[in-house]
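Asker: requesting a structural model of the entry that follows:
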Amino acid sequence: MQGHAGGDARMSVRTSGSTGTAKPCVHAVADLLGEAAFLATRLGDRRRVVALVPAHHLYGMIWTALLPSALGVPVVVRTIGAALELTAGDLVVAVPEQWQAALRLLRRFPDDIIGVSSAGPLPDRLGADLLAAGLARLLDVYGSSETGAIAIRDVPATAYDLLPRWRLAADGDDWQLLDRNDTVTPLPDHVDRVGDRALRPTGRRDGAVQVGGHNVWPDRVARVLREADGVADAVVRLHADGRLKAFIVPEGDCDPAALTERLSRFVADRLADHERPKTFRFGTALPRNAMGKMQDWT
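Answerer: Numbering: from 1, shown residues only. Next comes the predicted model:
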């Protein structure tokens with residue numbers, strides 16, 4: 001690939017298909033190599049890359065193929081459930097669900113291990129737990145198959161620093177991405193701008209959230225819940241633990257324990273596992289703020 005870095009060569013990668021049918025995304029080879037070269041400047045002390053993700057999607061390609069080449073370090077492939085055999089100087093490349101599993105299996109990381117996470121939101125609690133378990137650093141990458149990496153945060157920071165090739169440009173009350181050629185690229189999420197070179201995602205444009213590596217639409221789940229006997233209204237949100245939670249307004253008086261049991265059976269028949277709320281809260285009205293807008297609950 002290095003031989004094409006100075007030309008206009010392009011390559012196609014496919015999305016994971018988590019939003020539907022997998023589709024091709026075309027990237028300039030120079031952009032991908034430039035991204036890997038920039039990452040290498042931030043991770044120059046790494047002695048090995050440990051890959052828990054495949055290299056045929058963009059995240060894996062950049063972090064487990066192009067980056068190791070830029071660093072001049074070897075790559076080893078590991079699988080959750082087998083021995084990871086980590087050593088000082090490793091850079092471990094995984095997705096949030098793999099990090100959760102690794103935390104359960106390892107309990108404590110060896111010294112001088114840096115982790116990187118992408119392909120889905122990294123819950124704050126999981127990030128804190130991984131650092132408490134001994135990770136020297138944890139990088140959370142914000143991007144997509146269509147854009148590559150857009151920005152990176154060093155957990156526990158909440159703002160993501162833009163990669164050099166990108167900058168934010170105002171689009172009315174919203175923001176969009178511009179590259180070095182002033183080409184406009186839509187952001188996958190609504191974001192808040194933080195200073196000149198950072199952003200904080202505030203929500204998917206299509207209303208989806210990520211659960212277990214899958215895109216899930218809470219409004220759709222709420223519509224399904226409203227079809228259940230004994231449910232007058234419902235709203236669904238993402239819980240801090242990375243699964244869905246539901247607030248239910250029952251029809252008339254009800255026994256919360258009995259209704260929870262009925263709803264658990266109902267969603268098991270109607271929804272995939274990653275779409276099923278894991279906790280139910282009940283009340284006489286949906287939670288709203290003083291302006292009448294839906295608000296979160298605990």
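
Asker: relative to residue 203, how far out is the spatially most central residue of the chain?
Answerer: The residue lying closest to the centre of the chain (Cα atoms, centre = their mean) is residue 120, at 1.6 Å. Per Cβ to Cβ, to the nearest Å, residue 120 is found 15 Å from residue 203. All C-beta spots, glycine's among them, are computed from the backbone N, C-alpha and C.

Asker: also residue 76?
Answerer: 37 Å.

Asker: out of the two, which sits in the more crowded spot?
Answerer: Using other Cβ atoms under 10 Å, the more surrounded residue of residue 76 and residue 203 is residue 76, with 15 against 12.

Asker: that one: what's it in contact with?
Answerer: 48, 49, 50, 51 (Cβ atoms under 8 Å, 6 or more residues apart in numbering).

Asker: quick one: it is in a strand?
Answerer: Yes. The assignment for residue 76 is a strand, going by DSSP: H, G, I helix; E, B strand; the rest coil.

Asker: that one and residue 101, how far apart?
Answerer: Counting by Cβ to Cβ, the gap from residue 76 to residue 101 is 18 Å.

Asker: ok, now residue 112?
Answerer: Counting by Cβ to Cβ, the gap from residue 112 to residue 101 is 22 Å.

Asker: please report phi then psi for the closest residue to residue 197 other than its chain neighbours.
Answerer: Distances taken as Cβ to Cβ, 6 or more residues apart in numbering place residue 162 nearest to residue 197, at 5.0 Å, with adjacent residues excluded. Phi and psi for residue 162, reported as degrees, to the nearest 10, are phi -70, psi 140.

Asker: who's in contact with residue 115?
Answerer: 91, 92, 94, 99, 130, 135, 137, 138, 139.

Asker: what's the neighbour count on the first one?
Answerer: Which is residue 91. Residue 91: 26 neighbours (other Cβ under 10 Å).

Asker: what is the burial count for the residue nearest to it when sequence neighbours are not counted?
Answerer: Setting aside the residues directly before and after it, residue 91 is nearest to residue 46 in space (Cβ to Cβ, 6+ apart), at 4.4 Å. Close neighbours of residue 46, defined as other Cβ under 10 Å, add up to 20.

Asker: can you check residue 166 too?
Answerer: Other residues close to residue 166 by other Cβ under 10 Å number 20.

Asker: so it is in contact with residue 148, correct?
Answerer: No. With contact defined as Cβ atoms under 8 Å, residue 166 does not reach residue 148; the gap is 9.4 Å.

Asker: okay, now the unreliable bits of this structure?
Answerer: Along the chain, the model assigns pLDDT under 70 to residues 1-7, 10-25, 27, 291.

Asker: what are the ranges of the helices in the stretch 51-200 of the chain?
Answerer: Using DSSP state H, counting those that start in this stretch, the helices found in the stretch 51-200 of the chain span residues 58-61, 67-71, 96-106, 124-132.

Asker: tell me the most buried of these?
Answerer: Of all these, helix 58-61 carries the top mean neighbour count, a mean of 22, counting by mean count of other Cβ atoms under 10 Å.

Asker: wait, residue 251 sits on residue 232?
Answerer: Yes. The pair residue 251 and residue 232 qualifies as a contact (Cβ under 8 Å) at a distance of 4.6 Å.

Asker: wait, which of the contacts of residue 76 is closest to residue 222?
Answerer: residue 51 (37.8 Å; Cβ to Cβ).

Asker: for the residue nearest to that closest one when sequence neighbours are not counted, give its distance to residue 110.
Answerer: Sequence neighbours aside, residue 64 is the residue nearest to residue 51 in space, at 3.9 Å (criterion: Cβ to Cβ, 6+ apart). Distance, residue 64 to residue 110, using Cβ to Cβ: 20 Å.

Asker: where do the strands sit along the stretch 1-150 of the chain?
Answerer: Applying DSSP state E, counting those that start in this stretch to the stretch 1-150 of the chain gives strands spanning 10-14, 24-28, 48-51, 75-77, 90-94, 114-117, 137-144, 148-154.

Asker: equivalent analysis for the stretch 151-298 of the chain, please.
Answerer: In order along the chain, the stretch 151-298 of the chain carries the following strands (DSSP E, counting those that start in this stretch): 160-162, 167-171, 174-178, 184-185, 189-194, 198-204, 209-211, 214-216, 231-238, 244-250, 279-282.

Asker: report all helices and strands that the shortest one contacts.
Answerer: With contacts taken as 3 or more Cβ pairs under 8 Å, 6 or more residues apart in numbering; DSSP states H and E, strand 184-185 sits against strand 174-178.

Asker: each with direction, which strands does the strand it packs on pair with?
Answerer: Strand pairing for strand 174-178, determined by DSSP bridges: strand 167-171 (antiparallel), strand 184-185 (antiparallel).
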